[in-house]
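*Asks:* Please find the sequence and the predicted model below.
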Amino acid sequence: MLNSMTQRKEREELHSSPRTSLAAWKALLDLAREARSFSIREAFASDPRRFDRFHAQACGILLDYSKQAVTPAVMGQLFQLAGECDLAGWRTRMFGGVAINESENRAVLHTALRAPAGQTAMADGVNISPLIHDTLSRMKAFCEQVHTDKAFTSVVNIGIGGSDLGPHMANEALKPFADTELRTHYVSNVDAAHLYGVLKECDPARTLFIVTSKTFTTQETMTNAQSAKLWLQQELETADVAEHFAAVTQNTDKAEAFGIRRDRIFPIWDWVGGRYSLWSAVGLPLCLSVGYENFKALLEGAHAMDRHFLEAPFEKNLPVLLALTGMWNRTFLEHAVLALLPYSQLLHKFPSFIQQLDMESNGKSVDRDGTPVPYPTGPVIFGESGTNGQHAFYQLLHQGTTVVPCEFIAVVQSDYPSLDHQPKLLSHAIGQTKALMDGKADPDPQKRFDGNRPSSTLVLRHLDPYTLGALVALYEHKIFTQGVLWNLNSFDQWGVELGKKIAGQVLPSLSSEALSADTPDLDSSTRALVDAVRSFS
């Protein structure tokens, strides 16, 4: 720990930052040194009202952060830091359509996608609310047509990243609400095995493909889309496959050139980032699966969390509390990893969705001004659903040398009450949080648990569309809040681009006609890998 503190001091001396000079920041550094001897278990013993002090509730979600290594003094300084970083001002600017994504000069208005009709939302001087609700009306009409005509038994969404993870996660989470006569599939990986595995389950005459790509040029998506089109042409013995395709894109011309009818092309806009786009037409496959009214309930739950984030005081504000305790762990206690642990099989894709949402947003080492940050930012996020994780990696959580803060998600009401499993599942969720905190004394060091491992728990009454919408919006605003506190732009993702660009340079050298020497910029290792691939081919 002392070595870590020394290294941190050297980093802060090397790089100045507007954050590290703040009074609350300096106070939190002092409190972090004191926290080395803090015991969560003893804090409960000395304060019977600790849970009362450190929990909040809104939108059908209860947040218990009493098992975090925090004190009233720590929380007070974290609230002070939020004020000194002008969180309220940044929040107002985001909801107001100011171009807070400075590197791309774009507004950030995913919140407008779930606002009620008639509520003004401005982007570049234009009220975008009519555009949003016109698109929702088109989505509703399209879904009703598909459900009425019953021409399709399978829907296949072709997209990647934000064009896949959000609707895919939500589709899994809302399976109890899905239309059982319409099977929904998601294809993202350019590996042919992914597309092939889905196509063999589909009847080509009764399959609808939705191609989701903002630019309609994403390599993985367009490769899969072209292969799907070829499959239809071969299986149906016709070149006219327009009836089997829809698109979600900003590039209408390219979608039409692909062969998709204009009335089946749904828009996406610059002010919606991919990983924040579930609420837009990117959610079309979800809407087809669960029906428009359930999709609307998802939007309503997210909007309710938006209002809570805007209106609740920081001390009772779920996104702010989750963000501040997470920042305390990452930046001041320097815990580099966060485990996301939903005790619901329906939420099994939620960790990977939040992994993208968080790590693509705040996985940054320079601030808004392009200056290197001298403090730790976004954590590494991983997770697994329920008791599966217990039998995979909880050994490290309990006895490993790395302290991994955890966020548990527990769902109280089951959609399958005839099977009396839920009490057992919930007992594991609650029991794990206590075990991580308490540990266990034992004369045998192999069986000793140090405990004092921090965790927060989110308790959901029921995993319905409304509550899922609120849960996702909660994490969106948590990530935004942390970005403000770290002085990051949470809405660009330049780190995604470099590897893709180099892949494009490598691709010609992998063909049998090309020589690896045709790409002179390759280093010896990369050249050797290209040659190995060519030799195995």
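*Replies:* Good, I have the coordinates. Just so it is clear, the model here is predicted, and its values are computed rather than measured.

*Asks:* distance of Ile100 from Asp86?
*Replies:* Here Ile100 is placed at a distance of 12 Å from Asp86 (C-beta to C-beta, to the nearest Å). The C-beta positions use only the backbone N, C-alpha and C, and glycine is treated the same way.

*Asks:* How about Pro445?
*Replies:* Distance, Pro445 to Asp86, by C-beta to C-beta: 49 Å.

*Asks:* List the beta-bridge partners for Ile158.
*Replies:* Taking DSSP bridges as the rule, Ile158 bridges to Val187, Val211.

*Asks:* List the contacts of it.
*Replies:* Neighbour list for Ile158: Val187, Ser188, Phe209, Ile210, Val211, Thr212, Thr221, Asn224, Ala225, Ala228 [criterion: C-beta atoms under 8 Å, 6 or more residues apart in numbering].

*Asks:* Could you do Gly363 as well?
*Replies:* Gly363 is in contact with Thr377, Gly378, Gly495, counting by C-beta under 8 Å, 6+ apart.

*Asks:* Looking at Ile100 and Asp86, which one has more neighbours?
*Replies:* Between Ile100 and Asp86, Ile100 has the larger neighbour count (other C-beta atoms under 10 Å), namely 19 against 12.

*Asks:* Wait, that one touches Ala107, no?
*Replies:* Yes: with contact defined as C-beta atoms under 8 Å, Ile100 reaches Ala107; the gap is 7.2 Å.

*Asks:* How about the contacts made by Gly162?
*Replies:* By C-beta under 8 Å, 6+ apart, the neighbours of Gly162 are Gly273, Gly274, Arg275, Tyr276, Ser277, Val282, Gln356.

*Asks:* Counting neighbours, which of those residues comes out on top?
*Replies:* Using other C-beta under 10 Å as the neighbour criterion, Val282 leads the contacts of Gly162 with 28 neighbours.

*Asks:* helix/strand/coil for the spatially most distant residue from the centre of the chain?
*Replies:* Taking C-alpha atoms, centre = their mean, the residue of the chain most remote from its mean C-alpha position is Pro443, at 42.5 Å. At Pro443, secondary structure determined by DSSP: H, G, I helix; E, B strand; the rest coil is coil.

*Asks:* next one: phi and psi at it?
*Replies:* phi -60, psi -20 (degrees, to the nearest 10).

*Asks:* same thing with the one 10 residues further on?
*Replies:* According to degrees, to the nearest 10, the main-chain angles of Arg453 amount to phi -100, psi 120.

*Asks:* neighbours of the closest residue to it other than its chain neighbours, just the number please.
*Replies:* The shortest distance from Arg453 to any non-neighbouring residue, by C-beta to C-beta, 6 or more residues apart in numbering, is to Leu436 (4.0 Å). Other residues near Leu436 come to 25 when the count uses other C-beta under 10 Å.

*Asks:* right, and Leu436 touches Gln68 too?
*Replies:* No: taking contacts as C-beta under 8 Å, Leu436 lies outside contact range of Gln68: 11.2 Å.

*Asks:* who touches both of these two?
*Replies:* Joint contacts of Leu436 and Gln68 (C-beta under 8 Å, 6+ apart) are Pro454, Ser455.

*Asks:* model confidence over the helix or strand that Gly469 is a member of, on average?
*Replies:* Following DSSP states H and E, one finds Gly469 within helix 465-486. The average pLDDT for helix 465-486 rounds to 98.
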